[in-house]
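Q: quick one, what's the 3D model for this:
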Amino acid sequence: MRMDGVNPLAQFLRARRSVLEPGDVGLPRSHSPRRVAGLRREEVAMLAGISADYYLKLEQGREHNPSTAVLAGLIGALALDADGAAHLHRLARPAVGRAAPPETVSESLVGLITSMASIPAHVVNRRLDIIYVNPLGQMLSPGFRVGNNLVKLTFDPGLPRDAYWRLTAPRAVAYLRASVDPHDDGPAMASLLNDLRAMDPEFEGMWQRHETRMPGGHPSTFQHPEVGSIELRYQTFNLPGTGGQALGMYVAAPGSPSAEKIQMLSLLAAQRPGEGDRGTPRKTGGTTSA
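A: Purely as a prediction, here's the structure:
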């Protein structure tokens, strides 16, 4: 299966080549204007240590499974970071006969997350749909409900397209790229992409950049009606054996005003005990970021 109906490896190579300039990869800068933006195919091939003809086959989708040595060369030639390199390997090594991932959360994990009374947390699937959220997570944002999608929340038409959004929206799209199966063009993934394109025309441009990024301490700001502005760090942890589920936690700096506000929300959440949201999806708004 192939996401977007095209060869994802070829699409990725073309997109990443187009955003690089010779100086980005140690080549002499060109003093004459180039016909198209980015590196030439021949330059990428030279840097990767492969023939220009073989690289052309990769970009045209006529070669699907480059060797480990070729991938190593491409990582250097395209100046990929760790997230980009991991994504390149996923594109070149599609899983065969992968079973559909579960959409439920194990009871043991539910117990663990529910016990984290002072940390807002949720579990998402590969498409970043929320499939579980603890009580404090529900208190933090009305958007944190089972069935909502983190990227859709980011592209909510009601959110202002301010400087904060300009920072977090591309990051959320890159998180989606890094999380989903790059060979998935199934109906659920197609529906999500269509919805996001309809929500904001800027999504398509961000999606076609093929940037990948896993959250690692990224700042997230929430405007809460009861306690005001809360600044947290979003941390994710992949959950082995779950088909791509990830645990996301919003952590306040110890001793900070935001930590005090989270404690206040924790007390409010304790007055409404429950196991967290695992029920029927509800359409809600709210300010959040992935």
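
Q: strands along the stretch 1-150 of the chain, start to end?
A: For the stretch 1-150 of the chain, the strands defined by DSSP state E, counting those that start in this stretch cover 121-124, 130-133.

Q: average pLDDT across the last one?
A: If you average the pLDDT over strand 130-133, you get 94.

Q: quick check: which of the strands of the stretch 1-150 of the chain is buried the most?
A: strand 121-124 (a mean of 25; mean count of other CB atoms under 10 Å). All C-beta atoms are positioned from the backbone trio N, CA, C, and that covers glycine.

Q: what packs against that strand?
A: helix 107-115, strand 130-133, helix 135-140, strand 246-251 (3 or more CB pairs under 8 Å, 6 or more residues apart in numbering; DSSP states H and E).

Q: partners of it, with directions?
A: Here strand 121-124 is paired, per DSSP bridges, with strand 130-133 (antiparallel), strand 246-251 (antiparallel).

Q: got the ones you listed as CSV, with distance to Ala52 columns?
A: Below are the strands paired with strand 121-124 laid out as CSV (distance: least, CB to CB, whole Å):
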stretch, distance to Ala52
strand 130-133, 46
strand 246-251, 39
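
Q: which of those strands sits closest to Ser18?
A: strand 246-251 (29.6 Å; CB to CB).

Q: could you pick out the longest strand of the protein?
A: Ranked by residue count under DSSP state E, the longest strand found in the chain is strand 228-238.

Q: ok so, going back, quick one: which of the strands paired with strand 121-124 is nearest Arg40?
A: Nearest of those to Arg40, taken as CB to CB: strand 246-251 at 37.8 Å.

Q: tally of neighbours for Asp24?
A: 13 (other CB atoms under 10 Å).

Q: ugh, wrong one, Ser51
A: Residues near Ser51, counting by other CB under 10 Å, number 12.

Q: Tyr55 and Ala77, how far apart?
A: Distance, Tyr55 to Ala77, using CB to CB, to the nearest Å: 9 Å.

Q: so the two - more neighbours on which side?
A: Tyr55 (26 against 23).

Q: check the gap between that one and Leu47 for me.
A: Here Tyr55 is placed at a distance of 10 Å from Leu47 (CB to CB).

Q: got it, and Pro135?
A: Distance from Pro135 to Leu47, by CB to CB: 52 Å.

Q: between these two, which has more neighbouring residues?
A: Neighbour count, other CB under 10 Å: between Pro135 and Leu47, Pro135 has more, with 25 against 20.

Q: please verify my assumption that the more buried one contacts Ala269.
A: Yes: using CB atoms under 8 Å, Pro135 is in contact with Ala269, at 4.2 Å.

Q: what residues are shared contacts of those two?
A: Ala117 (CB atoms under 8 Å, 6 or more residues apart in numbering).

Q: now the longest strand of the chain, how far from the centre of its chain.
A: From the chain centre to the centre of strand 228-238 is a distance of 15 Å (CA atoms, centre = their mean, to the nearest Å).

Q: what of stretch 216-224?
A: For stretch 216-224, the distance to the chain centre is 15 Å (CA atoms, centre = their mean).

Q: pull out the buried residues from it.
A: Buried residues in stretch 216-224, counting neighbours by 16 or more other CB atoms under 10 Å, are found at His218, Ser220, Phe222, His224.
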